[in-house]
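In: Turn this into a structure:
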Amino acid sequence: MNVQKYFTEENKLQIANAIRVAEMNTSGEIRVHIEKYCKGNVLDRAAYIFEKLEMHKTQLRNGVLFYLAVEDHQFAILGDAGINQKVPENFWETTKELVLSKFKDVNLTEGLTSGILMAGEQLKTHFPYLKEDVNELTDEISFGKN
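Out: Below is the predicted model of the structure:
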């Protein structure tokens with residue numbers, strides 16, 4: 001079964017819209033990558049995907065990746081150097097706990113959208129929207145091949 005089958009077109013649109021809303025007031029960039037299985041350690045895999053999606057190339061190093069391996073029940077949030085220097089020490093863990101609480105109710109879409117919006121608030125605080133801001137990364141979900 002293709003990993004995209006876990007999400008309806010409406011779910012995909014809801015997640016992409018959450019990214020757009022979260023990025024509306026910030027120069028920060030958010031991406032979501034979903035695959036069926038996690039190859040290795042979840043943080044190592046998220047870091048690999050972060051680089052593969054060229055998220056480290058944003059001007060202010062303020063990209064955030066939400067990584068989900070559906071079948072393996074693996075999830076990670078990875079922020080780039082710029083945002084990691086600014087957010088409170090436990091911010092990513094708190095955001096992850098919020099997302100996982102929604103996942104436990106078997107609502108992957110609501111979990112991701114809640115976490116995305118929470119990350120957007122932090123990005124807005126530390127990286128406010130600039131008039132000359134451009135969307136450096138696509139808002140569409142990235143899906144793995146497995």
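
In: Quick check, Leu65 in contact with Lys52.
Out: No. Applying C-beta atoms under 8 Å, one finds Leu65 not in contact with Lys52, separated by 10.2 Å. Any C-beta I mention is one placed from the backbone N, CA and C, and that applies to glycine too.

In: more neighbours, these two?
Out: Using other C-beta atoms under 10 Å, the more surrounded residue of Leu65 and Lys52 is Leu65, with 24 against 10.

In: how much space between that one and Val42?
Out: 12 Å (C-beta to C-beta, to the nearest Å).

In: Would you mind grabbing the residues shared as contacts by those two?
Out: Shared contacts of Leu65 and Val42 (C-beta atoms under 8 Å, 6 or more residues apart in numbering): Ala76.

In: ok, the closest residue to Asp72 other than its chain neighbours - how many residues close by?
Out: Distances taken as C-beta to C-beta, 6 or more residues apart in numbering place Cys38 nearest to Asp72, at 4.6 Å, with adjacent residues excluded. Neighbours of Cys38 under the rule other C-beta under 10 Å: 23.

In: Check Val3 too.
Out: Residues within reach of Val3, counting by other C-beta under 10 Å, total 18.

In: list the contacts for it?
Out: Ile34, Glu35, Lys36, Val70, Phe143, Gly144, Asn146.

In: if you look at those, which of them are in helices?
Out: Nothing among the contacts of Val3 maps onto helices, per DSSP state H.

In: buried subset of the residues you listed?
Out: Among the contacts of Val3, those scoring as buried are Ile34, Glu35, Lys36, Val70, Phe143, Gly144 (criterion: 16 or more other C-beta atoms under 10 Å).

In: distance of the last one from Ser27?
Out: Relative to Ser27, Gly144 is positioned 28 Å away (criterion: C-beta to C-beta).

In: okay, the residue lying closest to Phe7 once chain neighbours are set aside: pLDDT?
Out: Spatial nearest neighbour of Phe7, excluding adjacent residues (C-beta to C-beta, 6+ apart): Thr109 at 6.7 Å. As summarised for this prediction, Thr109 has a pLDDT of 94.

In: min pLDDT across the contacts of Val3, which one?
Out: Among the contacts of Val3, Asn146 has the lowest pLDDT, at 64.
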